[in-house]
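Asker: Pasting a predicted model and its sequence here:
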Amino acid sequence: MLEATLRERARNLLTASGRSDVPPFMVMDVMAAADRIEAAGGHVVHMEVGQPAAPAPKTAISAAHAALDSGRIDYTSALGIPSLRQRIARHYREAYGCAVDAERIVITTGSSGAFILGFLVMFEPGDRVAVTVPGYPPYRHILTALGCEPVLIETSSETRHALTGDALLAAHHRTPLKGVLVGSPANPTGTMMSREALTSLITAAESAGIRFISDEIYHGLDYAFPAVTAAELSPHALVINSFSKYFCMTGWRVGWMVVPEPLVRPIERLQQNLAISVPTLSQIAAEAAFEGREEMEEVKRGYQENRRILITGLPQAGLNKFLPADGAFYLYADVSEFTSNSFEFAKRMLEQAHVAATPGIDFDPVHGHQFVRFSYARSADDMREAVARIARWLG
């Protein structure tokens, strides 16, 4: 009896909290399955993960080597190295013609760290925050883990899969919202919001007292038209960006936020307690990355060629319906002609054709069973091989 009681107590001590009960980020599971095939001797074309195949800019790598050679790598300010914050402010002037005070810039552990800090500083447990579907899964998973309620708003082809002010206000009037988060270029769709659409949405949100967060991690990777930053449109918006995508620095885990001035000190206090500071070596490399833009523009031209190969080749292979690929490095394809279960479709495509892609159910619990996301961040040869394999498999 005593032994049973002790076992029960031990189980209670080791039970995970309810807030940790979030779904897995399915793309990581796909990547693990692909790795197992390769470990057994297979060759997989990786189109599942949103990670550039190219390395970080040479300028960034050289700066990191120099910093290591100099000796100590110490803590930095919780808000980030001042020169990096100033360089990012300069980036807004150069890229957007937009004046952003360096004091409003906060360096973060990738965009993921920025989401945690941003949600903590803007919302209380129980607050309802709108996100679009299809959309990046950790938006809603992180909100859930922090005790907030993600409110899913469907987008459609009529608005090029962009959230509109009318749709936001309709959701707000049903049950009040405290915030809204949008990304442009978007993951998984690659669609972008025009200046007019983004301005209209921010105006609608702020008129209703809804806090606005803009995920701009794919800025720089725009093909249809230039991306617009919310930092230019409102001093009240919280803008999130990262060195992961355009600068090919995923594993360096360094990003930034442009923060409304009243929230800088609260975010600084959170950062001090949660992380102390962002890794110093990554910050040094990130500042130098801005001097490697010529190299990164060449990488971007490679994405444009990959995009062309898929837009031309996938219809010939049998996948002829997909969303507008305006930016980022994703193509979101409708596979409803072949399946009503995108997870099983992606699983069979990996096992039988050795092409790894992410099932849409990861991004959209409503209609994602009809879609698969292909990442075209690797080489042109990989894209051609993927198209050929899919054509044989579907044929």
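Answerer: On my side now, so go ahead.

Asker: Let me see the ranges of the strands in this protein.
Answerer: Along the chain, the stretches classed as strands by DSSP state E are 45-46, 105-108, 128-133, 149-154, 179-183, 211-215, 238-242, 255-258, 330-334, 355-356, 358-359, 371-375.

Asker: Most tightly packed of those strands?
Answerer: Mean neighbour count (mean count of other Cβ atoms under 10 Å) peaks for strand 358-359 among the strands of the chain, with a mean of 29. In short, each C-beta sits where N, CA and C put it, glycine included.

Asker: ok so, going back, and the strands of the chain as TSV, adding distance to Glu38?
Answerer: Shown next, in TSV, are those (distance: least, Cβ to Cβ, whole Å):
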stretch	distance to Glu38
strand 45-46	9
strand 105-108	32
strand 128-133	32
strand 149-154	35
strand 179-183	31
strand 211-215	31
strand 238-242	27
strand 255-258	30
strand 330-334	22
strand 355-356	10
strand 358-359	17
strand 371-375	17
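
Asker: Now distance to Pro23 and mean pLDDT too, for those, in a markdown table please.
Answerer: Below are the strands of the chain laid out as a markdown table (distance: least, Cβ to Cβ, whole Å; pLDDT from 0 to 100):
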| stretch | distance to Pro23 | mean pLDDT |
| --- | --- | --- |
| strand 45-46 | 22 | 95 |
| strand 105-108 | 24 | 98 |
| strand 128-133 | 14 | 97 |
| strand 149-154 | 12 | 96 |
| strand 179-183 | 18 | 98 |
| strand 211-215 | 19 | 98 |
| strand 238-242 | 22 | 98 |
| strand 255-258 | 23 | 98 |
| strand 330-334 | 19 | 95 |
| strand 355-356 | 19 | 96 |
| strand 358-359 | 12 | 94 |
| strand 371-375 | 16 | 96 |
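
Asker: Figure out which of these is closest to Gly395.
Answerer: Counting by Cβ to Cβ, Gly395 lies closest to strand 355-356 out of these; the figure is 13.8 Å.

Asker: which residues of this structure fall in helices?
Answerer: Counting by DSSP state H, the chain has helices at residues 2-13, 26-39, 58-69, 82-96, 110-122, 137-145, 165-174, 195-207, 230-233, 264-274, 280-289, 293-317, 342-348, 380-394.

Asker: Send me the shortest one as CSV with only the CA atoms.
Answerer: I take that to be helix 230-233. Extracted as CSV, the C-alpha positions of helix 230-233 are listed here (Å, rounded to 0.1, in the frame of the first residue of the first chain):
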residue,chain,number,x,y,z
ALA,A,230,4.7,48.1,-40.2
ALA,A,231,7.4,50.2,-38.5
GLU,A,232,6.8,52.7,-41.2
LEU,A,233,3.0,52.7,-40.8
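
Asker: Buried residues in it, which are they?
Answerer: 230-233 (16 or more other Cβ atoms under 10 Å).

Asker: Make sure Ala34 is actually in contact with Glu48.
Answerer: Yes: at 6.6 Å, Ala34 and Glu48 qualify as touching, with contact defined as Cβ atoms under 8 Å.

Asker: what residues do these two have in common as contacts?
Answerer: Common neighbours of Ala34 and Glu48 (criterion: Cβ atoms under 8 Å, 6 or more residues apart in numbering): Ala356.

Asker: which one of the two has more residues nearby?
Answerer: Legend: neighbour count by other Cβ atoms under 10 Å for Ala34 and Glu48, higher for Glu48 (27 against 22).

Asker: where's that one relative to Arg93, distance?
Answerer: Using Cβ to Cβ, to the nearest Å, Glu48 is found at 37 Å from Arg93.

Asker: go on, Gly71?
Answerer: Distance of Gly71 to Arg93, computed by Cβ to Cβ: 34 Å.

Asker: Just want to know which of the two has more residues nearby.
Answerer: Neighbours were counted for Gly71 and for Arg93 using other Cβ under 10 Å; Arg93 has more, 11 against 7.

Asker: can you pull the contacts of the more buried one?
Answerer: Counting by Cβ under 8 Å, 6+ apart, Arg93 touches 99-100.

Asker: With Val180 instead?
Answerer: Counting by Cβ under 8 Å, 6+ apart, Val180 makes contact with 129-131, 163, 168, 201, 205, 210-213.

Asker: One more pass at 7 Å, please.
Answerer: 129-130, 168, 205, 210, 212 (Cβ atoms under 7 Å, 6 or more residues apart in numbering).

Asker: Show me the contact partners of stretch 344-364.
Answerer: Counting by Cβ under 7 Å, 6+ apart, 26-27, 30, 33-34, 37, 42-48, 133-135, 137, 188, 335, 338-339, 342-343, 368-374, 386, 389-390, 393 sit against stretch 344-364.

Asker: Would you mind extracting the C-alpha trace of it into CSV?
Answerer: Presented in CSV, the C-alpha positions along stretch 344-364 are these (Å, rounded to 0.1, in the frame of the first residue of the first chain):
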residue,chain,number,x,y,z
GLU,A,344,-0.6,10.7,-45.2
PHE,A,345,0.2,12.2,-48.6
ALA,A,346,3.4,13.8,-47.3
LYS,A,347,4.3,10.5,-45.5
ARG,A,348,3.9,8.4,-48.7
MET,A,349,5.7,11.0,-50.8
LEU,A,350,8.6,10.8,-48.4
GLU,A,351,8.7,7.0,-48.2
GLN,A,352,8.0,6.3,-51.9
ALA,A,353,9.5,9.3,-53.8
HIS,A,354,12.0,10.4,-51.2
VAL,A,355,10.8,14.0,-51.4
ALA,A,356,10.2,15.6,-48.0
ALA,A,357,7.5,18.3,-47.6
THR,A,358,5.3,19.5,-44.8
PRO,A,359,1.6,18.6,-44.5
GLY,A,360,-0.7,21.6,-44.5
ILE,A,361,-2.4,20.3,-41.3
ASP,A,362,0.6,21.7,-39.5
PHE,A,363,-0.3,25.2,-40.6
ASP,A,364,-4.1,25.0,-40.8
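
Asker: residues of that stretch that come out buried?
Answerer: 345-346, 349-350, 353-364.

Asker: Now for Ala208, how many residues are close by?
Answerer: Look at Ala208: counted by other Cβ under 10 Å, it has 15 neighbours.
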